[in-house]
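Engineer: Just a sequence and a predicted model for now, questions to come.
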Amino acid sequence: MKILLFGGAFDPPHRGHISILKSAAAYDNFDKIIVMPTGTPTHKKNCTAPFDVRLYMAQTAFADIASNVEISNWEGTNLQEDYTYRTLQHLQSEYSDAEIYMVIGSDSLFTLHSWKNAEFVMKNCTALVFAREDELEDDIAQRAAELEKMGAKIRFVKAEIINVSSSQFRREGEINADIITDEVQNIVDEYSLYSADETARLKGTAKLLAKLLLDEKRYIHTLNVEKLAAELGEIYSLDVEKLRIAALLHDIMKNAPKDILLHRAKQSGIINKIEDKPKQTLHGFAAAHYAKTELGIDDDEILWAVKSHTCGRSGMQDIEKVIYLADMLCEERCFEGKDYLLSLAKQNLDKAMFASLEHSLAFVKSKGNTVDTDSLEALEYFRARLARNL
């Protein structure tokens with residue numbers, strides 16, 4: 001079985017990527033073509049778009065190139081740092097009889113020896129090297145010969161390579177819109193994925209992620225939380241744009257596979273042992289980790305609002321209170337006492353938090369579920385605040 005592997009950050013995928021993949025696909029009669037967006041690129045740490053967005057753009061850009069093209073999410077979901085040798089091992093485990101061809105640029109010939117487990121990489125795939133006609137000069141040929149002596153299998157493919165880069169688009173996106181396809185451009189524009197305005201970029205990216213990662217019911221809930229959070233933010237003169245970003249991300253891990261959810265929760269800086277946290281609270285901690293690592297958000301107000309929205313905590317700031325209340329009292333929620341709590345939320349955040357925590361804890365206990373200690377501490381925190389203000 002012949003497999004063609006085409007990896008990259010694809011941040012975003014552009015016409016140069018498409019041209020190379022089409023030429024590579026025509027090189028041989030491949031049984032499967034696997035496009036592999038990198039999860040955490042070891043050589044490009046600062047991807048602008050999160051993996052799930054880059055995966056979506058890759059699906060849009062490459063899926064119609066051939067019927068045997070597969071856009072793989074493996075590097076973004078395997079919970080390991082990305083190295084080519086690991087990807088090759090994964091493909092070998094999936095396809096025991098695979099003969100793997102890997103697309104690389106001619107410049108990679110000069111760094112291939114320094115890749116992690118380079119010997120394994122060279123011996124377990126054929127490097128399909130793309131170069132312009134004028135690049136096949138003595139230095140490249142000599143380098144290829146040196147690598148072949150080390151066990152590498154190298155084939156050259158001459159191609160008309162479009163001289164563009166993803167970083168060029170990120171710098172000059174509006175000027176060079178023809179670098180990417182119309183379909184990818186529409187995604188970029190609709191969600192402001194590479195906007196110079198960081199707030200617009202984060203808000204747009206968060207909204208697209210909610211649409212991609214959540215089921216329909218949870219997505220609608222997220223939009224309702226955003227709506228109520230913005231309304232409460234206006235009442236209390238808070239940063240509405242921060243509230244919108246936090247609201248769009250608060251449940252982003254709600255539908256995540258259990259292993260990813262647990263992994264991110266463990267990495268999120270929970271003070272208590274992970275084993276002490278009720279499982280229904282973990283998605284908030286996981287979502288905060290996702291926001292920090294995938295979107296590069298380092299604003300503590302946003303991160304704490306995402307992290308504490310399920311159980312609250314002692315010392316909550318106003319943005320945290322608003323997200324907690326918006327999550328509990330948004331449009332589609334229906335329970336006895338909701339109207340009273342919503343009315344209270346529009347009058348006094350501390351009173352609303354105390355009453356909402358009391359209601360939530362009573363509900364958890366009635367179901368026989370474990371009460372989170374953070375919620376108990378939050379209840380006492382607001383009890384004390386209200387007592388001081390009497």
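Structural biologist: Good, I have the coordinates.
Engineer: can I see the domain layout of the protein?
Structural biologist: 2-184, 196-388 (automatic domain parsing).
Engineer: Now do the spatially most central residue of the chain against R383, distance only.
Structural biologist: The centre of the chain sits closest to P50, judged by Cα atoms, centre = their mean, with a distance of 3.8 Å. Per Cβ to Cβ, to the nearest Å, P50 is found 39 Å from R383. Glycine gets a C-beta too; all of them are placed from N, C-alpha and C.
Engineer: returning to what we had before: mean pLDDT lowest where, among the domains of the chain?
Structural biologist: Lowest mean pLDDT of these: domain 2-184, a mean of 86.
Engineer: tell me how far the longest helix seen in the chain is from the chain's mean position?
Structural biologist: Identified as the longest helix of the chain according to DSSP state H is helix 216-235. Distance of helix 216-235 from its chain centroid, counting by Cα atoms, centre = their mean, to the nearest Å, is 21 Å.
Engineer: pull the CA atoms of it into PDB?
Structural biologist: The C-alpha coordinates for helix 216-235 follow below in PDB (Å, rounded to 0.1, in the frame of the first residue of the first chain):
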ATOM      1  CA  GLU A 216     -25.800  22.000  18.100                       C
ATOM      2  CA  LYS A 217     -27.500  22.200  21.500                       C
ATOM      3  CA  ARG A 218     -24.200  23.200  23.300                       C
ATOM      4  CA  TYR A 219     -23.400  25.700  20.500                       C
ATOM      5  CA  ILE A 220     -26.800  27.400  20.900                       C
ATOM      6  CA  HIS A 221     -26.300  27.500  24.700                       C
ATOM      7  CA  THR A 222     -22.900  29.100  24.200                       C
ATOM      8  CA  LEU A 223     -24.400  31.900  22.000                       C
ATOM      9  CA  ASN A 224     -27.000  32.400  24.700                       C
ATOM     10  CA  VAL A 225     -24.400  32.700  27.400                       C
ATOM     11  CA  GLU A 226     -22.500  35.300  25.200                       C
ATOM     12  CA  LYS A 227     -25.700  37.300  24.800                       C
ATOM     13  CA  LEU A 228     -26.600  37.400  28.500                       C
ATOM     14  CA  ALA A 229     -22.900  38.000  29.500                       C
ATOM     15  CA  ALA A 230     -22.800  41.000  27.200                       C
ATOM     16  CA  GLU A 231     -26.100  42.300  28.700                       C
ATOM     17  CA  LEU A 232     -24.800  42.000  32.300                       C
ATOM     18  CA  GLY A 233     -21.500  43.500  31.300                       C
ATOM     19  CA  GLU A 234     -23.200  46.600  30.000                       C
ATOM     20  CA  ILE A 235     -25.200  46.900  33.300                       C
END
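Engineer: quick one: buried residues of the helix or strand just after it?
Structural biologist: The element immediately downstream of helix 216-235 (helix or strand, assigned by DSSP states H and E) is helix 240-249. Buried residues in helix 240-249, counted by 16 or more other Cβ atoms under 10 Å: 240, 242-249.
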